[in-house]
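My questions are about this predicted structure, shown below with the sequence.
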Amino acid sequence: VLVDAVVAAEDSRFFEHNGFDLPRIVKAALSNLKAGGITGGGSTITQQLIKKTYFPDAQKTYSRKLSEIILAIQADKALSKEEIQWMINAFTTGEIPDYQMSAMLMAICFQGMNHDETLALTFAMRDSGDVLDLSGIKGVKVDKHSTGGVGDKTSLILTPIIAALGVPVAKMSGRGLGHTGGTIDKLECFEGFSTSISEEAFLKQVSEVGVAIAGQTANLAPADKKLYALRDVTATVAEKSLIASSIMSKKLASGSDAIVLDVKTGNGAFMQTVEKAEELARIMVAIGNGAGKKTYAVITDMSQPLGNTVGNIVEVQEAIEALNGKGPKDLMDVVYALGYLMLKAAGVAEDEKEARTMMEKVIASGKALDKFADFVEAQGGRKEQVYHPQLLAKAAITETITAPEDGYVEALNAMAIGTACMSLGGGRATKESQIDLTAGIRLKKKIGDSVKKGECLAELYGNDAEKCNDAKELVQNAFLFSKEPLDAPETVLKYITA
């Protein structure tokens, strides 16, 4: 009743008069005369009574204004760009307390946001901090983002391939929180590699080497960082507009001309179904295009880990194998799909066949591997570890998981494998957790492969015997077997280009 009383009349001048709004009364009278009867009015006095009862302070405070916005959302009234900008600015500067913003997040989860509101929220978070200016770098700068998965090392393979084809890649990445490290953690497997580089050095490297990957600065979309921390403790992470605006605010602040999104689906992904993944992808593509950035997405399968490794150093080694032309099919299918969209966005390739041919050539010639080595060296890493990955650190313990029966691998639970990797020390339970870069899992069998009893299914690498034993059980239970042969699942499911 309170919500209806306060907002039903949609009186935008509610706080500008004392219950006698002469302009609105005249307007209402004219409307009634034209219609030949009463068509509206009468709610202003009710609203003023409620204002005096519930909001006795004549000063319109931050807290009170946010309360109005929350009431508007609850009444299914669209928020204006100005209201959303004010809200994000006030929250970022600490003028809106967490408890009120929590109520706001809950209201959004219940009611959702339309396209204009989601776009405004994204822009407000983008503009809460620094926005990189990449205009000094020649060419179309293309960024890539993945919604996360198990064994997803595509950035390590894709960025040097695209850079070797003359498309500059300026990428800001984060550390992993969960089953494995993020791109930054994986790159730090190379001795001396640093992602803490100045903006000037970052831009210079993209211009000279063609690719740079740096850690996200504290002032890149700080509103998103603060808002996400609140979403995490209030169970409001899963709302699609909040997810999309969180991802895209950082991508837009990173300054690239075009954005390609890898939206995962399956038991190892945040979006469990193709339908939900596509819905999220379309929202993010609409945001990117609405911001004037050419934006594409691809829906990819995460019902089993991507590639054959899960961890940090083991994934770096697999990425190097891929750049040497020895990558597994499922992994390379995703790399080529994303690469196609990046080359399309840059205007370098017209169709998927042409793009794939170009990428295969730079791999076969060794140019992509050389570009990766140059990139690692430019950021302080040991170049020889790219050409000789056996020089990377190794775990002290290796455990083998064997097949309990003959048959075919019917299922391989990606989330269970990710959890096993984290239990080995390969991921973070909290932001303060230390990652064991040598811990990981190498899969020897995946969905559709035939197995014999006693044959190796996976190898586990770690440095703590107790952790290895816990992980062994998780990995063993992640496999399901069938007596009947079956095909491996398709990895690239759908392109979203408009």
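Happy to help now that I have it.

Low-confidence ranges, the protein, go.
Counting by pLDDT under 70, the chain shows low-confidence ranges at 1-76, 175-181, 218, 429-432.

Spatially nearest residue to Val263 (excluding sequence neighbours)?
With sequence-adjacent residues excluded and distances taken as CB to CB, 6 or more residues apart in numbering, Val263 is closest to Ala281, at 4.3 Å. (C-beta placed from N, C-alpha, C; glycine too.)

quick one, what contacts the one you found?
Taking CB atoms under 8 Å, 6 or more residues apart in numbering as the criterion, Ala281 is in contact with Leu261, Val263, Ala297, Ile299, Ile496.

Check which element follows the helix or strand harbouring the second one along the chain.
Pointing back at Val263 there. Applying DSSP states H and E as the criterion places Val263 in strand 258-265. Later in the chain than strand 258-265, the nearest helix or strand by DSSP H and E is helix 274-290.

sorry, back to before: right, and out of the contacts of Ala281, which lies closest to Glu455?
For Glu455, the nearest member of the contacts of Ala281 is Ile299. The distance, counting by CB to CB, is 32.9 Å.

Hmm, the closest one is touching Lys276, no?
No - between Ile299 and Lys276 no contact is recorded; they are 10.2 Å apart, counting by CB atoms under 8 Å.

which ones are touching Phe372?
Listed by CB under 8 Å, 6+ apart, the contact partners of Phe372 are Leu156, Pro160, Ile320, Leu323, Val386.

How many residues are close by the first one?
In terms of burial, Leu156 registers 23 neighbours under the definition other CB atoms under 10 Å.

Against Gly307, how distant is the residue nearest to Val263?
Look at Ala281 and Gly307: by CB to CB, to the nearest Å, they are 22 Å apart.

What of Lys494?
Distance of Lys494 to Gly307, computed by CB to CB: 21 Å.

Give me the more crowded residue out of these two.
Gly307 (29 against 14).

And Val316, how far from Phe193?
Here Val316 is placed at a distance of 10 Å from Phe193 (CB to CB).

For the residue nearest to the spatial centre of the chain, give me its contacts.
Taking CA atoms, centre = their mean as the criterion, Thr147 is the residue nearest the geometric centre of the chain, at 3.9 Å. Residues near Thr147 by CB under 8 Å, 6+ apart: Ile247, Leu261, Asp262, Val263, Lys264, Ala269, Phe270, Met271, Ala277, Leu280.

how about a cut-off of 7 Å?
Under the criterion of CB atoms under 7 Å, 6 or more residues apart in numbering, the neighbours of Thr147 are Asp262, Val263, Lys264, Ala269, Phe270.

And it, its phi and psi?
With angles defined as degrees, to the nearest 10, Thr147 sits at phi -80, psi 0.

Could you list the residues in contact with stretch 410-422?
Taking CB under 7 Å, 6+ apart as the rule, stretch 410-422 contacts 150, 178-180, 266-268, 302-305, 310-311, 427, 439-441, 446-447, 471, 474-475, 477-482, 486.

returning to what we had before: output the strand holding Val263 as CSV - backbone C-alpha positions only.
In CSV, the C-alpha atoms belonging to strand 258-265 read as follows (Å, rounded to 0.1, in the frame of the first residue of the first chain):
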residue,chain,number,x,y,z
ALA,A,258,35.9,-4.1,-30.2
ILE,A,259,35.1,-6.8,-27.8
VAL,A,260,34.7,-10.6,-28.2
LEU,A,261,32.9,-12.6,-25.5
ASP,A,262,33.2,-16.3,-24.7
VAL,A,263,30.1,-17.2,-22.8
LYS,A,264,30.4,-20.7,-21.2
THR,A,265,27.5,-23.1,-20.5
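
That strand relative to helix 274-290, how many degrees between them?
Taking axes from the mean of the first three to the mean of the last three CA atoms, to 10 degrees, strand 258-265 and helix 274-290 form an angle of 170 degrees between their directions.

List the contacts of strand 258-265.
Residues from elsewhere that reach strand 258-265 (CB under 7 Å, 6+ apart): 140, 142-149, 154, 251, 271-274, 277, 280-281, 284, 288, 293-302, 334, 338, 341-342, 345-346.

Show only the entries of those residues found in helices.
Secondary structure of these is defined by DSSP state H; positions in helices are 154, 251, 274, 277, 280-281, 284, 288, 334, 338, 341-342, 345.

From those residues, keep the buried residues only.
With neighbours counted by 16 or more other CB atoms under 10 Å, the ones in helices among the contacts of strand 258-265 contain buried members at Thr154, Lys251, Ala277, Leu280, Ala281, Met284, Gly288, Val334, Leu338, Leu341, Met342, Ala345.

ok, now which ones touch the second one?
Listed by CB under 7 Å, 6+ apart, the contact partners of Lys251 are Asp143, His145, Ile259.

Quick one: neighbours of the spatially closest residue to it that is not a sequence neighbour, just the number.
The shortest distance from Lys251 to any residue that is not its chain neighbour, by CB to CB, 6+ apart, is 5.2 Å, and that residue is Ile259. The burial metric for Ile259, expressed as a neighbour count using other CB under 10 Å, is 29.

in the sheet, who's paired with Ile259?
The residues listed as beta-bridge partners of Ile259 by DSSP bridges are Asp143, Thr295.

Now render the buried ones among the ones in helices among the contacts of strand 258-265 as a markdown table, adding distance to Leu242.
Compiled in a markdown table, those are given as follows (distance: CB to CB, whole Å):
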| residue | distance to Leu242 |
| --- | --- |
| Thr154 | 25 |
| Lys251 | 15 |
| Ala277 | 16 |
| Leu280 | 11 |
| Ala281 | 15 |
| Met284 | 12 |
| Gly288 | 17 |
| Val334 | 26 |
| Leu338 | 25 |
| Leu341 | 25 |
| Met342 | 27 |
| Ala345 | 26 |
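
Which residue comes closest to Glu278 once chain neighbours are left out?
Leaving aside its chain neighbours, Glu278 sits nearest to Ile299 (5.9 Å; criterion: CB to CB, 6+ apart).

can you check Lys171 too?
In space, not counting the residues next to it along the chain, Lys171 is nearest to Ile213; the distance is 4.7 Å by CB to CB, 6+ apart.

how close does that neighbour get to Ala378?
Applying CB to CB, the value for Ile213 to Ala378 is 10 Å.

just the strands in the stretch 101-250 of the chain please.
In order along the chain, the stretch 101-250 of the chain carries the following strands (DSSP state E, counting those that start in this stretch): 142-146, 169-173, 211-215.

if we can go back for a sec, keep only those of the contacts of stretch 410-422 that are in strands.
In strands, defined here by DSSP state E, the members of these are Val310, Gly311, Gly440, Ile441, Phe479, Leu480, Phe481, Ser482.

count of neighbours near the closest residue in space to the last one that isn't next to it in sequence?
Counting by CB to CB, 6+ apart, the nearest residue to Ser482 once its immediate chain neighbours are dropped is Glu410, at 3.9 Å. If you count neighbours by other CB under 10 Å, Glu410 ends up with 14.

now Gly311
Applying the criterion other CB under 10 Å, we find 34 residues in the vicinity of Gly311.

out of everything not next to it in sequence, what's closest to it?
Nearest-residue entry for Gly311: Gly440, 2.0 Å, with adjacent residues in sequence omitted and distances by CB to CB, 6+ apart.

That neighbour: neighbour count?
Gly440: 29 surrounding residues under other CB under 10 Å.

List the contacts of it.
Gly440 makes contacts with Thr309, Val310, Gly311, Asn312, Ile313, Val314, Cys421, Leu424, Gly426, Tyr461, as judged by CB under 7 Å, 6+ apart.

Let me know the closest of these to Ser173.
Asn312 (13.7 Å).

Make sure the closest one is actually in contact with Lys186.
Yes - under the contact definition of CB atoms under 7 Å, Asn312 touches Lys186, with a separation of 5.2 Å.

one step back: and Ile299 and Lys276? which has more neighbours close in?
Ranked by neighbour count (other CB under 10 Å), Ile299 and Lys276 place Ile299 first, with 23 against 16.
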